[in-house]
Each structure stands twice: as structure tokens, then as C-alpha cells.
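S.K.: Sequence plus the predicted model coming up.
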Amino acid sequence: LIHVQQSYRTISFKTIKSNWRSFYRMLCLSATAILLLTFRIHLMQGSSLPVFTKYDNPASVAPSLPQALTFLLLPSYNLALLLAPSPLCCDWTMGSIPLVLSLSDCRNLLTVFLFTFLLHALHNLVKSDLPDRLPLLTSLSLLILPFLPATNIFFHVGFVLAERVLYLPSMGFCLLVAIGLTKLYKQCKMSSVKGLIRASFLFLLIVHMSKTVVRNRDWKDEESLFLSGLKVNTNNAKLYNNVGHAFEFMKRFNDSLLLYKQAAIVQPDDIGAHINIGRALNQLGRADEAEIAYRTAKRLLPRGKPGEKSVARIAPNSLNLFLNLGNLISRNSSRLEEADRLYRQAIAMRSDYIQAYINRGDILIKMNRTDEAMEVYKEALKHDPVNADLYYNLGVVSIEKGDPHKGLQYMNTALKFNPSHTEALLNSAILIQELKLVEQHQVGIDRLLSLVNIQPQNEKAYFNLGMITMDEGWTWESEYWFKKAIEIVPDFRGALFNLALLLTDQHRPMEAVPYLQTLLQYYPNHTKGLILLGDIYTNIVKDLEQAEQMYLRILEVSPEHVQAKHNLCVLEVEKNELYKAEKCFQKLAKEAPKEEYIEKHLRIVQNKIKKKKRKENP
């Protein structure tokens with residue numbers, strides 16, 4: 001176009017016709033740019049631009065003069081990064097660059113220098129010849145145009161500086177450097193100076209290559225990346241928080257707490273820092289101090305003036321403090337109402353805050369307000385109708401209300417939206433087994449097998465596989481699953497007992513004994529285990545003294561236990577002490593007159609006594 005304008009002075013229809021290929025390319029590029037911009041806006045779910053907090057870009061909420069001076073200054077910092085990319089940092093938000101508060105700030109000289117440089121470049125562009133103008137125009141276009149969206153001219157951005165926005169401008173900058181070096185080299189007549197230019201250029205390449213290698217080490221992991229940022233930027237609370245997060249992920253809670261506290265010192269009004277302090281203290285078991293930190297964060301939230309309507313921007317992460325504080329105080333059953341108020345506040349601030357609905361529902365269940373919990377979960381479904389957690393919780397509430405069939409339906413729906421929902425996989429299978437829905441046993445087995453694939457160390461999945469296969473009569477499979485559960489949790493009470501019971505029913509009582517002994521080692525007062533082991537000692541091992549010890553241990557814990565007393569009477573029969581057995585059964589029959597089997601066994605003993613008397617007195 002510049003070439004055409006130089007030739008024809010004005011762009012006419014004849015010009016367009018003779019150079020239609022160039023205009024066609026421009027139209028295609030323009031149309032492509034518009035389509036890409038439209039698609040980008042569509043990805044943002046509408047034409048509205050994102051709104052950032054004062055911590056992301058402090059100048060965006062500053063008064064007019066400091067805001068203007070700071071925004072004018074920031075491009076010079078970006079140019080400095082292009083000239084000497086040494087102080088690189090992964091985050092330039094918050095207090096990274098202090099605001100320019102007045103015209104007397106000496107940093108305004110950088111702004112003057114920058115705009116002087118740009119005016120000089122534009123002057124050279126206009127005065128230069130056509131062969132020199134095209135490369136210069138291309139360089140300046142690549143340097144300036146891609147950077148314009150980050151200048152806060154059109155809209156406020158969510159950062160102070162961002163190295164990523166310099167990727168495309170750096171191409172224009174490199175072209176400018178190349179153009180300058182080329183002109184300097186051609187105009188130089190002395191060979192020694194030309195050699196110095198070549199050596200300087202080579203040195204520049206080596207330095208930048210070395211910086212790239214060194215910088216790559218900083219990106220090895222989160223810890224090294226954020227620590228490298230703190231070497232450059234000590235006034236950025238976000239960096240302290242991020243290093244703290246890295247330490248917290250590594251379970252170094254004391255170290256993370258120190259960094260969170262430093263973030264709060266650097267930026268005292270940083271809500272996130274106080275939330276992080278509370279979370280770290282909570283992890284360290286210092287609940288009272290954690291509550292104080294959460295309360296501090298809550299006081300820092302923006303507040304409206306009484307009697308006036310106001311709209312405040314609250315970051316989604318800041319709302320987490322309501323959940324964290326609610327979870328903390330809900331450990332005290334006397335403060336459940338207080339926790340409920342916190343969750344309601346979070347929902348009032350953000351009506352689609354699903355986790356707040358879930359937590360509030362859990363609290364209402366603890367307070368036995370299941371009807372309200374059901375309504376809370378249903379209200380949340382209006383905002384997220386495919387949320388599997390909500391349907392699962394509705395299932396839990398239905399079970400609490402005594403409707404397990406409805407609960408199973410809700411859990412089935414949860415699995416429809418999230419087939420990998422672990423709690424729904426487990427508890428729906430348990431319901432199928434407990435409700436004796438034999439026709440759905442295979443569904444339950446399939447769900448438990450899916451759970452095992454997701455969580456290979458989930459002992460409950462193996463145990464319930466054992467229970468459901470035992471109901472099906474698949475004894476070998478049931479034995480296998482019970483043993484798998486015991487491998488993971490050696491003191492798994494249900495698995496130990498049911499495996500012993502299974503082995504006894506299979507006429508393998510001696511194999512059951514070690515599992516019963518292990519069970520009683522962990523749970524000395526396990527009544528059913530003592531009964532089963534006592535029966536094996538009585539009927540198989542014939543060790544009546546050991547059997548008697550089992551039954552007496554039950555009576556120590558539960559003196560009115562009818563089955564233990566009955567078995568002690570049976571031991572008298574096994575000892576051939578029929579008269580003692582008769583008295584034992586007679587006494588027990590008076591204590592438990594509704595137990596017919598006791599009367600039945602009493603008659604058997606009395607018949608044996610009669611037979612014995614006939615033999616003695618024929």
C-alpha cells in the first residue's frame with residue numbers, strides 16, 4: 001500500500017483494480033482477525049470483559065492523576081525488560097511497582113524518555129526513503145500494536161506487568177536491533193570497528209542464550225519458580241502466598257505459615273494471605289488461632305454503607321473463607337447455627353456458589369433438619385443441574401429420612417452425570433445389597449469393581465464385594481474379597497468376622513480360628529466373634545474351658561446377654577452335668593420367657609435326665 005501510495009499519490013478504484021491481490025489479502029486478514037476476536041469473546045461467555053480486583057492491578061482503582069501517571073510509566077518498564085531481560089519474574093501484580101503518586105516522582109523521566117524515543121522513531125519513519133521505511137514500519141508495528149491491549153488504554157488488565165505480553169513485541173524489537181546493527185555496520189568504514197560490532201553482536205547472543213538456560217532452571221517446579229520471583233520482587237504478597245502454597249503441598253506447614261505471615265506484612269489488606277494463615281494454622285491443629293485469622297480476613301471484605309445500595313467485587317477465592325471458617329467452627333456441635341449463618345452469607349454473596357450449598361446441607365443434616373437440607377440441595381440444582389455431588393447428597397438425605405429406595409435413585413442419577421463418583425459407587429452398591437435387590441446385584445458388583453479400579457486401596461470396596469458375592473452364594477469370590485480387605489486394613493472388623501463366619505459355614509472352622517483370634521486381639525469385646533469362637537471350641541476343638549472363657553468375657557461386658565448364658569448352659573450338658581444344666585436352663589427361662597429355644601433345650605435336658613434315671617433304676 002505504501003508503494004502504491006508513492007506511485008499514485010491517491011488510492012483510487014483503478015489502483016485497487018490493478019492491485020487486487022494485495023487488497024484481497026488485506027480483506028482476508030481483516031476478516032480472520034474479526035472472526036478470531038468474535039470467537040475469543042464467545043469463549044468469555046459474552047461480550048463483557050473480566051473484572052479484576054485492586055490486588056491484580058492497583059493502579060486501576062487509584063485516583064485519576066496517579067492512575068494516569070502509572071499507566072504512562074508502565075510501557076517504559078516493559079521496554080526495559082526488552083532491553084535487559086535480567087529481572088524476570090513470574091508475577092508482577094500487587095505491589096510489584098509502586099504507584100506514581102505525583103508529577104515530582106523521578107520515574108516520570110522514564111515516561112518522557114519513552115515517548116521521546118517513540119516520536120523520534122515515527123519522525124524517522126516519515127522522513128526515511130521507501131526501502132528503509134518498510135522494515136522500520138514492520139518493526140514498529142510488531143513492537144507497538146500487539147502491546148496496545150496491555151496498556152490499559154481500552155480496558156484495565158489484571159496485571160501490572162506481564163512478560164507474556166512481550167512475546168510478539170519482542171519480534172519487532174529484535175527487528176529494530178537488526179535494522180540498527182545493519183545500518184551501523186554498512187556506514188562504518190573501519191574494519192576494526194566492524195569487527196567490534198560483530199564481536200558485540202556475538203556477545204549479545206551468548207548472554208541471552210545463557211540467560212535462557214539459567215531461567216529454565218527457575219521453571220523446574222513451583223517452589224523454584226516463585227522463589228526466583230521473590231529475589232526480584234519482594235513487595236509482591238502473591239509470590240509469598242504462592243511459595244507458601246508450594247510448601248503446603250509438600251506438607252511443610254510451618255514453613256508455609258511463615259511465608260503467609262510475610263505476605264500479610266507486605267500487604268496487610270490481602271484477604272487471601274489471612275485465609276492462608278488460617279488454613280495453615282488449622283493444618284497444624286491450632287484451631288483457635290486459625291479462627292482469629294479467618295475473622296481478620298472476614299473484616300477485610302468490602303462492606304456497604306448502611307442505607308445505601310452498593311456493588312462490590314469479591315474474588316471467588318475470598319469467599320472460601322466462609323467455607324473454611326464454617327468448617328472449623330462446625331466441629332463444635334454447639335456452634336452449628338453459627339456455621340449455618342456463614343454458609344448463608346456466602347450464598348447471599350454468590351447465589352451459584354455450589355460448595356456453600358453443599359456445606360450448608362451437611363450442617364442441616366447434623367442438626368436433624370433434613371427437610372431444609374433437601375430444599376437447599378434442590379435449590380443448588382437450579383444453578384448446576386448436572387452436579388453429581390448434589391444428587392449424591394440428596395440420596396444421603398433420603399436415607400436419613402428413611403427412604404433408601406429414593407436414596408438409591410438419587411445416587412443412580414449422580415452416577416449418570418459422573419460415572420466415577422466414588423461415594424455414589426460405594427454407597428449405591430451397599431444399598432443394593434442391604435435392600436436385597438437381588439436382580440441388581442450384578443450392577444452393584446460392577447460399581448464396586450469400578451471403584452476398585454479408581455481406588456485400589458479402598459478396603460470398603462473389597463469388603464462390600466465380599467458381602468454381595470456372599471449373598472449370591474459365590475463363596476470362593478467372597479473369601480477372596482474379604483482377604484483383600486484385610487490385606488489393606490488388618491484390623492477391619494467386619495471383614496475379619498464375616499470371613500470367619502464364611503469359613504465356618506463352609507465346614508472349615510479351624511481356618512476361621514486365626515481370623516477370630518485377630519479380631520478379638522483388636523476388639524476384645526466383639527460379642528459375635530466371642531460367640532463364634534466359643535462355638536468352635538465347644539463343637540470342634542472340644543476345649544470346653546476355652547469356650548467357657550469366651551462366654552464369660554461376654555457377660556463381663558453385657559451381664560444380661562441371653563445367648564452367652566444359654567451357651568454356658570450348653571457347656572454343662574457337654575460336661576454331662578445334666579442337673580446343673582437343668583437348673584441353668586430353668587433360671588434362664590425365667591429371665592427370658594419369650595425365647596422358645598431355651599424352653600426347647602430345657603425339655604431336651606429333662607428328657608435326658610429321665611432316661612438316665614431309668615437306666616439307674618430299671
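M.R.: Looks like it came in fine.
S.K.: CA atoms for contacts and neighbours, from now on please.
M.R.: Will do.
S.K.: Export only the CA atoms of stretch 237-245, formatted as CSV.
M.R.: C-alpha atoms of stretch 237-245 as CSV (Å, rounded to 0.1, in the frame of the first residue of the first chain):
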residue,chain,number,x,y,z
ALA,A,237,2.4,-10.7,48.6
LYS,A,238,1.1,-13.0,45.9
LEU,A,239,4.6,-14.5,45.5
TYR,A,240,4.9,-15.2,49.2
ASN,A,241,1.5,-16.9,49.1
ASN,A,242,2.5,-19.0,46.1
VAL,A,243,5.7,-20.2,47.7
GLY,A,244,3.6,-21.0,50.8
HIS,A,245,1.2,-23.0,48.7
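S.K.: Please identify the buried residues of that stretch?
M.R.: 237-245 (16 or more other C-alpha atoms under 10 Å).
S.K.: Out of the residues you listed, the closest to Ser256 would be?
M.R.: Among these, Gly244 lies closest to Ser256 (C-alpha to C-alpha), at 4.1 Å.
S.K.: what about the closest one, helix or strand, and which?
M.R.: If you go by DSSP states H and E, Gly244 is part of helix 237-249.
S.K.: Identify the residues contacting His245.
M.R.: Ser256 (C-alpha atoms under 8 Å, 6 or more residues apart in numbering).
S.K.: neighbouring contacts of the next helix or strand after the helix holding Gly244?
M.R.: Using DSSP H and E, the helix or strand that follows helix 237-249 in sequence is helix 253-266. Outside helix 253-266, the residues that touch it by C-alpha under 8 Å, 6+ apart are 235-241, 243-248, 270, 273-274, 276-277, 280-281, 283-284.
S.K.: do the same with stretch 528-539
M.R.: Contacts with stretch 528-539, where a contact means C-alpha under 8 Å, 6+ apart, come from 497, 501, 509-510, 513, 516, 519-520, 542-544, 546-548, 550-551, 553-554, 564, 571.
S.K.: List only buried entries from those residues.
M.R.: Among these, those buried by neighbour count (16+ other C-alpha under 10 Å) are 497, 501, 509-510, 513, 516, 519-520, 544, 546-548, 550-551, 553-554, 564, 571.
S.K.: Give the residue spans of the protein that score low on pLDDT.
M.R.: For the chain, the stretches flagged by pLDDT under 70 are 1-20, 22-23, 41, 44-52, 130, 303-316, 618.
S.K.: Leu257: neighbour count?
M.R.: 25 (other C-alpha atoms under 10 Å).
S.K.: for the one 10 residues further on, same thing?
M.R.: As a burial measure, the neighbour count of Gln267 was computed by other C-alpha under 10 Å and equals 18.
S.K.: Give the closest residue to it in space, chain neighbours not counted.
M.R.: Leaving out its chain neighbours, the residue that sits closest to Gln267 by C-alpha to C-alpha, 6 or more residues apart in numbering is Ala237, at 5.9 Å.
S.K.: Over to Ala495?
M.R.: Phe482 (5.3 Å).
S.K.: can you pull the buried residues of the helix or strand hosting the one you found?
M.R.: Assigning secondary structure by DSSP H and E places Phe482 in helix 475-488. Using 16+ other C-alpha under 10 Å as the test for burial, helix 475-488 gives 475, 477-479, 481-486.
S.K.: Looking at these, which is nearest Ala297?
M.R.: Ala485 (44.3 Å).
S.K.: any idea how far Gly402 is from the closest one?
M.R.: Using C-alpha to C-alpha, to the nearest Å, one gets 29 Å for the distance from Ala485 to Gly402.
S.K.: Kindly report the same for Ile271.
M.R.: Taking C-alpha to C-alpha, one finds Ile271 at 43 Å from Gly402.
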